[in-house]
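S.K.: Whatever this is, show me its structure:
(chains A and B)
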Amino acid sequence: MRYEVARWSVFLATRERGRRVREEIEQRLAELPVGDTLVLDFNGVEGITVSFGDECVAKLVLGRMAGDFADRGLVIAGANEDVRETLDAVLSRRKLAAISMSPTREAHVLGMCEWLPATIDAAMILRSFSASDLANRLGITPQAANNRLKVLVASGAVARERVVPEGGGKEFSYTVVIPEFA
Amino acid sequence: MRLRPLSEIGFHDDGETHEYVRVSIAPRWSTAEVHAAVQAIDGTQDEVELMAGSLSFATPQELCGLRALVEHAAMHAERVSFDCPGDDQANRYLARMDFYSDLPPNVVLTRTVPMLRRNDRRQQLVELRRVACADDVEALMDRVAKVAEGHFGKGTTATACATALGAATENVIDHAQSPVGAWVAAQRYRRTGLELAVVDLGLGIPTTLGRNPVHAGLSDLDAVELALEDRVTSTGQDGRGAGLAELRTAVRQAGNSTLVIRSGRAHLTISQRGSEIQVQRFTPSPAVPGTWIAIRLQP
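M.R.: Here you go, the predicted structure:
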């Protein structure tokens, strides 16, 4: 499913607008089947302000960090250099990240990206995995893998689903949901 | 800075006594005169006379300031008389810039507004407009981008100009509580470049920033300078404090530029020529009501 941001305006500004667009995106996410990905299409948007970007995209990612729509994917597409730069800044300010797809279908990390690209690469290879699978792949502790997965799920690249393991209890299963790599 | 007494407070006596303020706007007036006039018009007068008959030229910031003064006067007096420029060219320019559009109903003009044939000047100017909501800010950004494209060509710099004005105006909407809203105009001059202006008569940057206890007690100049830094916020909330920093960054990206911010007892000028940056700090008198921002982007 695709959400065309430019239907609002070619330039986007103010927190009020950011909040309204975010609420509509959240509604679309709610309608999306579990495991599917919503593409935030910025084609036709020439520029956005930091206030808009923070209120719309950063708070959307922040919500995912808290578990909202974590079982669905989210990816940014069609953003020009100016829009990507602003989104990169607003996400970095909150130590968050999102995935932007280029026209050549390459995934780029916007925002906080110290260890995220390497983690996404590992997730791409695993495709569907548990936290301990990722920990083993990266050679890090399960706790560190869980922390990374929280940011990874928030970024929209990976969806998280609760599964009931054979021995009972609760566990999460993670699936890469960036369309080109899923 | 030139400062001359311009406000005269007196009485008309036509059987009844009416208190009035008469503001004389000199041919080449300074914004300080408007600042003094805003303070002189305090709601106790019945009538305000704004004498702009000898006005011969106005920059975008002066236009914004003058219109903000008209709005302020209209809110505080029963009747405002605006003496339009006698110079036909100046009067036509005011009309072309929409200075006379949507005036408050209690404003009376001394001359007929000239009828103009409007050529498409989207790459030369942004007519005077009030910005009060998201739609206004976004429409403004689109117009500023067009003017900036006329100056810099299509691309990142033009978008940076649009973003700078967008950030400055949304800051007014979010924080200024300006009773007259934010007034914006832009004009591209062949020799001196592009000038953009935003004027409001709200709380001002020092007062707004001072609401955050962390920044309370700063001088007005220090407060304005600090407000241009990223993450400096009046609310202390995460993700905020970007508006004026975004303005500063966008102006810097545009190259040779001058950013002038007046607010309260602060008048800050940041000039950039290539990699050389100069900061000049003044303490204006009288204090500047609200926030007055002028951006000049030289060729």
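
S.K.: in the stretch 101-250 of chain B, which ranges drop under the pLDDT threshold?
M.R.: B:241-242 (pLDDT under 70).

S.K.: Please, where are all the helices along it?
M.R.: B:134-152, B:156-171, B:205-209, B:220-227, B:243-253 (DSSP state H, counting those that start in this stretch).

S.K.: which of those helices sits most buried?
M.R.: helix B:156-171 (a mean of 27; mean count of other CB atoms under 10 Å in any protein chain shown). In short, each C-beta sits where N, CA and C put it, glycine included.

S.K.: quick one, that one and helix B:220-227 angle?
M.R.: 120 degrees (axes from the mean of the first three to the mean of the last three CA atoms, to 10 degrees).

S.K.: got the CA coordinates for helix B:156-171 in PDB?
M.R.: What follows is helix B:156-171 as a C-alpha-only set of coordinates in PDB (Å, rounded to 0.1, in the frame of the first residue of the first chain):
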ATOM      1  CA  THR B 156      18.500  23.100  -3.300                       C
ATOM      2  CA  THR B 157      19.200  26.800  -2.700                       C
ATOM      3  CA  ALA B 158      15.700  27.800  -3.800                       C
ATOM      4  CA  THR B 159      14.200  25.100  -1.600                       C
ATOM      5  CA  ALA B 160      16.400  26.400   1.300                       C
ATOM      6  CA  CYS B 161      15.000  29.900   0.900                       C
ATOM      7  CA  ALA B 162      11.400  28.400   1.000                       C
ATOM      8  CA  THR B 163      12.300  26.400   4.000                       C
ATOM      9  CA  ALA B 164      13.900  29.400   5.800                       C
ATOM     10  CA  LEU B 165      10.700  31.400   5.400                       C
ATOM     11  CA  GLY B 166       8.500  28.400   6.300                       C
ATOM     12  CA  ALA B 167      10.500  27.800   9.500                       C
ATOM     13  CA  ALA B 168      10.400  31.500  10.400                       C
ATOM     14  CA  THR B 169       6.600  31.800  10.000                       C
ATOM     15  CA  GLU B 170       5.700  28.500  11.600                       C
ATOM     16  CA  ASN B 171       7.700  29.700  14.600                       C
END
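
S.K.: Please list the residues of chain B that sit near chain A.
M.R.: B:133-135, B:137-139, B:141-142, B:145, B:156, B:159-160, B:162-163, B:166-167, B:169-170, B:173-174, B:230-231, B:238-240, B:242-243, B:246 (CB under 8 Å from any CB of the partner chain).

S.K.: In contact with A:Leu91: list those residues for me.
M.R.: A:57-58, A:61, A:97-98, A:110-112 (CB atoms under 8 Å, 6 or more residues apart in numbering or on different chains).

S.K.: again, but for A:Thr119
M.R.: So A:Thr119 contacts A:134, A:138, A:148, A:152 (CB under 8 Å, 6+ apart).

S.K.: how close does it get to A:Ala58?
M.R.: A:Thr119 sits at a distance of 20 Å from A:Ala58 (criterion: CB to CB, to the nearest Å).

S.K.: repeat for A:Ala135
M.R.: A:Ala135 is 28 Å from A:Ala58, by CB to CB.

S.K.: okay, those two: which has more neighbours?
M.R.: Ranked by neighbour count (other CB atoms under 10 Å in any protein chain shown), A:Ala135 and A:Ala58 place A:Ala58 first, with 25 against 20.

S.K.: Am I right that the more buried one is in a helix?
M.R.: Yes - in this structure, A:Ala58 lies within a helix as judged by DSSP: H, G, I helix; E, B strand; the rest coil.

S.K.: picking that back up, closest to chain B among the contacts of A:Leu91?
M.R.: Distance to chain B, by CB to the nearest CB, is smallest for A:Ala58 among these, at 6.0 Å.

S.K.: these two touch, right, the closest one and B:Gly239?
M.R.: Yes - in this structure, A:Ala58 is within contact of B:Gly239 by CB atoms under 8 Å, at 6.0 Å.

S.K.: List the residues that are in contact with both of those two.
M.R.: A:90, A:93-94.

S.K.: from the residues you listed, which are also near chain B?
M.R.: Answer for the shared contacts of A:Ala58 and B:Gly239 near chain B (CB under 8 Å from any CB): A:90, A:93-94.

S.K.: how about the nearest residue to the residue nearest the centre of chain B, chain neighbours excluded?
M.R.: Nearest residue to the geometric centre of chain B (CA atoms, centre = their mean): B:Val199, 2.5 Å. Nearest non-adjacent residue to B:Val199, counting by CB to CB, 6 or more residues apart in numbering or on different chains: B:Cys64, 3.8 Å away.

S.K.: Isn't the one you found up against B:Glu195?
M.R.: No - with contact defined as CB under 8 Å, B:Cys64 does not reach B:Glu195; the gap is 10.8 Å.

S.K.: Identify the farthest-apart pair in the contacts of A:Thr119.
M.R.: A:Leu138 and A:Leu152 (11.5 Å; CB to CB).

S.K.: Which of the two has more residues huddled nearby?
M.R.: Neighbours per residue, other CB under 10 Å: of A:Leu138 and A:Leu152, the larger number sits with A:Leu152, 23 against 17.
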